[in-house]
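Engineer: Here's a sequence, model it:
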Amino acid sequence: MADKVKILGFAGSLRKGSFNKMLLREAAGFAPEGVELEVFDLEGIPLFNQDLENDPHEKLKEFKAKVKAADGILIATPEYNYSVPGVLKNALDAASRPYGTNPFEGKPVAIMGASIGMLGTARAQYHLRQTLVFFNAFPLNRPEIMVPFAESKFDENGRLKDDMTRDKVKELVVELVKWIKKLK
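Structural biologist: Residues are numbered from 1 along each chain as shown. Model prediction:
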């Protein structure tokens, strides 16, 4: 591992005003010295089609290369219908193909999520962990960051205004860095 720890973060939402994109931007601001947390937007990754997996779209190639180059991954997921959003699952599925080219293999991963609901993405995060098992990725178990009632946690500029949430997100970034170093 190089001197600088490289983390790739992405949100499972395409919405411009996504609470999960806001959460991810906040997390990037908490990266400790010597850590680079790059935020990648999944917009533009086409729907997975196995007929085209050997000739991937440029946006998908870029995503796979960034995942492969990262020391660790930070995923911010919304919860749609008790599970992960289609855009996130599609990006993960497409990136893992063709068989044998999965860039998530052996990667340390941290998960967080924000929702307007009371459970704050708990069910989506547990489903995401199931996918990561197949990828042979290594999700960080704690802290679990499930931000409920997200509309009350951010100000009009998209900044976290809730001190407890801010502290937990910062803790997650620090613990992910420790997890990356432990697994290397």
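Engineer: where do the strands sit along the protein?
Structural biologist: Ranges of strands in the chain, per DSSP state E, are 5-11, 35-40, 72-76, 108-114, 138-139, 145-147.
Engineer: For the chain, identify the residue most remote from the centre.
Structural biologist: The centre of the chain is farthest from one residue, Asp51, which by Cα atoms, centre = their mean lies 26.9 Å away.
Engineer: roughly how far apart are that residue and Arg97?
Structural biologist: 11 Å (Cβ to Cβ, to the nearest Å). Where you see a C-beta, it was placed from the backbone N, CA and C, and this is true even at glycine.
Engineer: Next: Ala122.
Structural biologist: Ala122 is 28 Å from Arg97, by Cβ to Cβ.
Engineer: what does Tyr80 give?
Structural biologist: Here Tyr80 is placed at a distance of 23 Å from Arg97 (Cβ to Cβ).
Engineer: just Pro85 next, same as before
Structural biologist: Distance of Pro85 to Arg97, computed by Cβ to Cβ: 19 Å.
Engineer: Neighbour count for the two, which is higher?
Structural biologist: Pro85 (21 against 18; other Cβ atoms under 10 Å).
Engineer: count of neighbours near the spatially closest residue to the more buried one that is not a sequence neighbour?
Structural biologist: Nearest residue to Pro85, sequence neighbours excluded (Cβ to Cβ, 6 or more residues apart in numbering): Gly12, at 4.6 Å. Gly12 has 27 neighbouring residues, counting by other Cβ under 10 Å.
Engineer: okay, the angle between the longest helix seen in the chain and strand 108-114?
Structural biologist: As assigned by DSSP state H, the longest helix anywhere in the chain is helix 163-183. Helix 163-183 and strand 108-114 are oriented at 170 degrees to each other (axes from the mean of the first three to the mean of the last three Cα atoms, to 10 degrees).
Engineer: quick one: average pLDDT of helix 163-183?
Structural biologist: The average of the pLDDT scores along helix 163-183 is 97.
Engineer: for it, which positions count as buried?
Structural biologist: Using 16 or more other Cβ atoms under 10 Å as the test for burial, helix 163-183 gives Thr165, Arg166, Lys168, Val169, Lys170, Leu172, Val173, Leu176, Val177, Trp179, Ile180.
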